[in-house]
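*Asks:* Predicted model and sequence follow; I will ask about them next.
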Amino acid sequence: MPLELLFFIALQFIFIIINISIGMISFVRSRKILRETLTTPGQDPQSINNFMHYMVRRNHVVRQSSYINALVLIAGIVLLGIGFMQLPNSLIYGQIVIINNNEHQTFLNLTAVISLIIICSPLLGLAIGGNIAFYLSNVFIDAIASEFFHVSSLTRQEFARIRLKFMLNASLPLIIFLEIVTLVATITGQILPASIVGLIYIVAIICIRLLLGRKILKTINNLQPIEQTSWAYLQPRIAAWSRLAGVSFGEVLIQPDIIGTNIRVIGRKNTMLIIGDQILRHTDWRQQDAMICLELALVRKKVLNWNFWRIISMLVGLGLLFVPLIVQLSINILDITIFFLCTFLMLLITIFVNRGFRKKMHTLYQDADCISCYFTGDPMATMVALTTIQALNGVQATQKSNAIPSANTRLQQLDQLARQSWPRAPYASELVPAITPVTFGPYQLSTAFDKQSEPAPVPDAPYVLLA
C-alpha cells in the first residue's frame, strides 16, 4: 500500500473521530436544554413561544459547535502542512512517481498529491463526522421537541427519514468527490488522473442536477402541490398577487413541517415557490400576503440569477487557487515564493469578488422588501412576517449570511419606509396578529394571534407604481 494512501486513510479516520466527538458534546448540551425545557413546571406543550425559546438556545449550541469544527478544520490543515514538512523525505515520498523524467514536474506532482491529502483529510472528517453527529441530534433531540410542542404532524420516523435524505443530498456528492479524487491521487501517485476523474465526476453531477434536480428536490423534501393540501384555498390569492407583480410561479409547493422550514423560491426558469406548512399555520393572511409578495419581488429583482453567478464566481475562485501550481508545472520552473505569492493574490481576488456579490445580494433583498410593501401597501405586516420567520427558525435578529442581510438591517429600512408618505392599504395602521409579541423601538406592531380578521381582496394594482 502506498504510504500516501495510508496517510490519507489514517488522517481521515482521526478527523472523523474528532468531529464526531465535537458534535457529541453539542448533542449532550442540546439534550440537556431539551430536558430542561420539557421538565419546566407549567410548561405548555401547545405554546409555540416555548418551542421558539428552545430553538434559540439549541441554535446557540449548534453555532458554537460549528465554530469549533471550523477551527479544527483550519488548525488541522495548518498543522498537517507543518508536520509533513518536518517528516523525513523517505517517509513522506515513499515510492516517487517520475513525471516525464523531469525533476521539477516530479516534485510539483508529489507536492500536489501531499497537498490534496492535507486539505481533504480534515474536510472529509468534518463532512462525515460532523454530519453523523448532527443527524443524531436531529433524530434524538429535534424530533422529540417537534413532537412535544406539536409543531409537526410528522412521526419521528418520518422526521428522521426526511432529514437523512436532506443531509445525504447536501453532503454525499462532496464526500464522494473528495474521496474519489484523493484515493486516485494517492493510489496512482499522480495528480493528473485524479484531476481527470474529478472533472468527469463534476460534469456528471451537473448533468444530473440539470436533468433531475427538481424531481430530486421534491422527493427529498416530500414537497406536495398546494392544490393537493389543506392550503389549496391560497392558490387563487397567490395567482392574484402574481398577476399584480407581473411575474408568475411555475409551481407552488408545500413542505411538510420540520424544524428549519422556510418560504423560498427555487429555479431561475419556471420558478417554484416552496412554503413551509409550519409557517402557514403560524401566520395570518396579512403576513402570508407579505411573504408571498416578498418572494415575487425577489423573482422580479432576479435574485436567483445573481445568486447563481455568486456561486459560480466562488467555484471559479477556488479553481484559480490551483492556477499557480498548474503554470509552474507546465513551464518546469519551481519557485516557492512566487507560488505562494500568486496563490495569496488569487485568494484575495476571490475574497474581493465574493464581498462584491455579498453586498449586491444584500441590496437586492432590501430592495425586494420595499417592493413587497408597495405591492401590499402594508409595511407593518412585512416587518412582523420577517420577525416571525426568524423566531420560528430560532435565528437571532443580528444574524446574516452571504446572501441575506440580518433581520435588524431589514427592519430598520422598513421602519424608515413606513415613516414616509405614500398610499397604504386601509388596514395598514392596524396591529398584525402574530404568535409572538413584535415591537420595533417603542412601537408595538403585533396583537394576539387569535384576533384575525377576514382577508381583504387583493388590490388591482400596486399601491406605489414601479418603474
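*Replies:* Structure received. Numbers count the residues shown, from 1 in each chain.
*Asks:* For the stretch 1-150 of the chain, which segments are assigned as helices?
*Replies:* Ranges of helices in the stretch 1-150 of the chain, per DSSP state H, counting those that start in this stretch, are 3-39, 48-86, 89-93, 103-125, 131-137, 143-148.
*Asks:* With distance to K218 as new columns, can the ones you listed be given to me in JSON lines?
*Replies:* Quick note: C-beta positions are derived from backbone N, CA and C, even for glycine. Shown next, in JSON lines, are the helices of the stretch 1-150 of the chain (distance: least, C-beta to C-beta, whole Å):
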{"stretch": "helix 3-39", "distance to K218": "29"}
{"stretch": "helix 48-86", "distance to K218": "26"}
{"stretch": "helix 89-93", "distance to K218": "48"}
{"stretch": "helix 103-125", "distance to K218": "29"}
{"stretch": "helix 131-137", "distance to K218": "22"}
{"stretch": "helix 143-148", "distance to K218": "22"}
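*Asks:* Of these, which is nearest F375?
*Replies:* Distance to F375, taken as C-beta to C-beta, is lowest for helix 48-86 among these, at 27.5 Å.
*Asks:* Can you give me the buried ones in the closest one?
*Replies:* Applying a neighbour-count criterion of 16 or more other C-beta atoms under 10 Å, one finds 48, 50-55, 57-59, 61-62, 65-66, 68-69, 72-73, 76-77, 80, 84 buried in helix 48-86.
*Asks:* picking up where we left off before, least reliable of the helices of the stretch 1-150 of the chain by average pLDDT, please.
*Replies:* Note on the helices of the stretch 1-150 of the chain: helix 89-93 shows the lowest mean pLDDT, a mean of 51.
*Asks:* Which helix or strand in this protein has the lowest average pLDDT?
*Replies:* Every helix and strand in the chain was compared by mean pLDDT, DSSP states H and E; the lowest is helix 89-93, with a mean of 51.
*Asks:* Identify the spatial nearest neighbour of L431, chain neighbours not counted.
*Replies:* T447 (3.9 Å; C-beta to C-beta, 6 or more residues apart in numbering).
*Asks:* Who are the packing partners of whichever strand or helix holds that neighbour?
*Replies:* T447 is located in strand 446-448, with elements delineated by DSSP states H and E. On a contact count with 3 or more C-beta pairs under 8 Å, 6 or more residues apart in numbering; DSSP states H and E, strand 446-448 meets strand 432-434.
*Asks:* how about the helix or strand harbouring R243: buried residues?
*Replies:* Using DSSP H and E, R243 sits within helix 235-245. In terms of neighbour count (16+ other C-beta under 10 Å), helix 235-245 has its buried residues at 237-238, 240-242, 244-245.
*Asks:* From V384, how far off is P433?
*Replies:* Distance, P433 to V384, by C-beta to C-beta, to the nearest Å: 9 Å.
*Asks:* just checking, what packs against the host helix or strand of V316?
*Replies:* Element membership for V316, per DSSP H and E: helix 303-320. In terms of contacts (3+ C-beta pairs under 8 Å, 6+ apart), helix 303-320 is packed against helix 336-376.
*Asks:* Please export the C-alpha coordinates of the helix or strand that the helix it packs on is followed by as PDB.
*Replies:* Later in the chain than helix 336-376, the nearest helix or strand by DSSP H and E is helix 379-392. Extracted C-alpha coordinates of helix 379-392, given in PDB (Å, rounded to 0.1, in the frame of the first residue of the first chain):
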ATOM      1  CA  PRO A 379     -45.200  47.600   5.700                       C
ATOM      2  CA  MET A 380     -46.100  46.600   9.200                       C
ATOM      3  CA  ALA A 381     -47.200  43.100   8.000                       C
ATOM      4  CA  THR A 382     -43.800  42.700   6.300                       C
ATOM      5  CA  MET A 383     -41.900  43.700   9.400                       C
ATOM      6  CA  VAL A 384     -44.000  41.200  11.500                       C
ATOM      7  CA  ALA A 385     -43.600  38.400   8.900                       C
ATOM      8  CA  LEU A 386     -39.800  38.800   8.800                       C
ATOM      9  CA  THR A 387     -39.700  38.600  12.600                       C
ATOM     10  CA  THR A 388     -42.000  35.600  12.700                       C
ATOM     11  CA  ILE A 389     -39.800  33.700  10.200                       C
ATOM     12  CA  GLN A 390     -36.700  34.400  12.300                       C
ATOM     13  CA  ALA A 391     -38.400  33.400  15.500                       C
ATOM     14  CA  LEU A 392     -39.800  30.100  14.100                       C
END
